[in-house]
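>>> This is a predicted model, with the sequence first.
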Amino acid sequence: MWGILTALLSGALMSVQGVFNTEVTKQSSLWVSTGWVQFSAFLVCAAAWLFTGRDSIGALWQVDNKYTLLGGVIGAFITVTVIQSMGALGPATAAMLIVISQLAVAYVIELFGMFGVDRQPFEWRKIMGMLIAIAGIVIFKWQK
């Protein structure tokens with residue numbers, strides 16, 4: 001149950017953040033806004049680290065697959081693409097497309113066992129679920 005609530009909160013926060021970041025970008029620029037997002041996130045993480053245990057930062061260099069340290073780099077591009085898509089499509093359409101993309105890529109990662117994730121068997125019902133979600137986007141955007 002905790003996982004479901006956390007996922008729902010994550011989606012809600014991503015939508016609000018995307019709208020906020022798009023508004024900041026309109027008043028500054030794409031990279032200034034993205035930089036602020038990453039910098040302010042760093043400050044929050046540093047403060048949380050100070051108050052919650054101070055685990056060794058050196059542990060980062062012990063990570064087995066060094067490519068996994070690129071999460072922050074990917075995060076910067078996530079911020080940029082969310083800002084651009086929300087600005088071009090509006091929050092609802094952008095969020096729907098983002099979620100469909102997340103779902104499709106996550107399924108491919110599971111299907112092939114990429115990045116250390118346990119490999120899962122192919123299931124037609126998951127493909128059907130994605131197709132239904134895509135149909136939902138078409139219905140949502142359908143105009144007479």
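All right, it came through fine.
>>> pLDDT value on the residue nearest to residue 68 when sequence neighbours are not counted, please?
Spatially, and ignoring its direct neighbours in sequence, residue 68 is nearest to residue 115 (7.3 Å; CB to CB, 6 or more residues apart in numbering). In this view, the C-beta of every residue, glycine as well, is placed from N, C-alpha and C. Here, the pLDDT recorded for residue 115 equals 93.
>>> give the contact list for residue 60.
Neighbour list for residue 60: residue 69 [criterion: CB atoms under 8 Å, 6 or more residues apart in numbering].
>>> Report the buried residues of the helix or strand containing residue 51.
Residue 51 is part of helix 30-52 when elements are defined by DSSP states H and E. Going by neighbour count (16 or more other CB atoms under 10 Å), the buried part of helix 30-52 is 30, 33-34, 37.
>>> I'd like the mean pLDDT over it, please.
Mean predicted lDDT for helix 30-52 stands at 95.
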